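1. following is a predicted model, sequence given first.
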Amino acid sequence: MNKLTITIDGPAGVGKSTVAKSLAKYLEIPYLNSGALYRAVAWKVSKQGVDSDDEDAIISLCKSTTFVLAVSDDCQAVAVDNTRLTRELWTSHITLMASKISRLPDVRSFLRPLQRKYGNDNGVIAEGRDMGTHVFTDAEIKVFLDASPSIRARRRFLELQHSDTAVSQEITAKELMERDNRDRTRHSAPLRPASDATIIDTTDLSAPQVVDTILALIKQKNHQTGHSTD
């Protein structure tokens, strides 16, 4: 099979991670959770006590830090200066800080080449918020997932419980709405579907149903280009 680049964008709670991991396993190509890099920066910023609004200080910190992407047990891991991080990246504190940091244009510009490098050689399933619009603009398959706010809040709450048992559903819903507003209105790479993306509403769909929908898109694409997914 031709090694495809597939982007899966959308807000939190639409099932991006579950779907992307399943596709990557089925298609045997790398999986990239782009948000893990922003979380890794947030973790380092928090550890060093840097102001999350001080873009110059954050960029300086990034330039003196080594970030290496890896996959650990189907979870996106990031080695930060040889410290391997997995669950530490997914607490509510890091989630909120990463969302703030991701608004900063210079941070996005700094991390974009790291994301592209990860997927250049063997294809990639890249999930995030600007994978199809800014990072992998030439991706063969672009998907944008969405769902109702109440369903997204519920899914996000259940996801966060694995790494942050103190989180509440009410706080999760509030933070999700705030993050939506930041992501959709930020000046640099706002959250929106790529012009050539297929939009899938996952409100009433299971993860396997979403995966099957995307696999159908891939088969259609490969049929047009003369390749096979078998």
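-> Yes, it's here. Numbering: from 1, shown residues only.
2. report the central residue of the protein.
-> residue 128 (2.7 Å; Cα atoms, centre = their mean).
3. which secondary element of this protein has the worst mean pLDDT?
-> Least confident element among the helices and strands of the chain, by mean pLDDT, DSSP states H and E: strand 67-72 (a mean of 80).
4. and whichever helix or strand comes after it, what does it pack onto?
-> Past strand 67-72, further along toward the C-terminus, the next helix or strand under DSSP states H and E is strand 75-80. In this structure, strand 75-80 packs against strand 31-33, helix 35-48, strand 67-72, strand 83-85, with contacts taken as 3 or more Cβ pairs under 8 Å, 6 or more residues apart in numbering; DSSP states H and E. For the C-beta atoms, the positions are set from N, CA and C on the backbone; glycine is no exception.
5. please repeat the previous calculation with a cut-off of 7 Å.
-> Taking 3 or more Cβ pairs under 7 Å, 6 or more residues apart in numbering; DSSP states H and E as the contact definition, the neighbouring helices and strands of strand 75-80 are helix 35-48, strand 67-72, strand 83-85.
6. show me what the last one is packed up against.
-> For strand 83-85, the contact count by 3+ Cβ pairs under 7 Å, 6+ apart identifies strand 75-80 as packing neighbours.
7. related to what we said a few turns ago, how many other residues sit next to the residue found closest to the residue nearest to the centre of the chain once you drop the neighbours it is linked to in the chain?
-> Closest residue in space to residue 128, ignoring its immediate chain neighbours: residue 34 at 3.4 Å, by Cβ to Cβ, 6 or more residues apart in numbering. Using other Cβ atoms under 10 Å as the criterion, residue 34 is surrounded by 27 other residues.
8. what's the answer for residue 173, then?
-> The burial count for residue 173: 18, using other Cβ under 10 Å.
9. residues contacting residue 106?
-> Contacts were defined as Cβ atoms under 7 Å, 6 or more residues apart in numbering; by that measure residue 106 touches 55, 59.
10. which stretches in the protein count as strands?
-> Here the chain has its strands, by DSSP state E, at 5-9, 31-33, 67-72, 75-80, 83-85, 124-128, 141-146, 198-201.
11. contacts for the fifth one next, please.
-> Translated: strand 83-85. By Cβ under 7 Å, 6+ apart, the list of residues contacting strand 83-85 from outside reads 40, 43, 77-78.
12. what about 6 Å?
-> For strand 83-85, the external contacting residues (Cβ atoms under 6 Å, 6 or more residues apart in numbering) are 77-78.
13. what's the closest non-adjacent residue to residue 108?
-> The nearest residue in space to residue 108 (Cβ to Cβ, 6+ apart) is residue 188, at 5.3 Å.
14. to clarify, my last question referred to residue 214.
-> Nearest one to residue 214, counting by Cβ to Cβ, 6+ apart, is residue 143 at 5.8 Å.
15. can you check residue 201 too?
-> Spatially, and ignoring its direct neighbours in sequence, residue 201 is nearest to residue 146 (5.6 Å; Cβ to Cβ, 6+ apart).
16. cool, and residue 134?
-> Among residues not flanking residue 134 along the chain, residue 189 sits closest, at 4.5 Å (Cβ to Cβ, 6+ apart).
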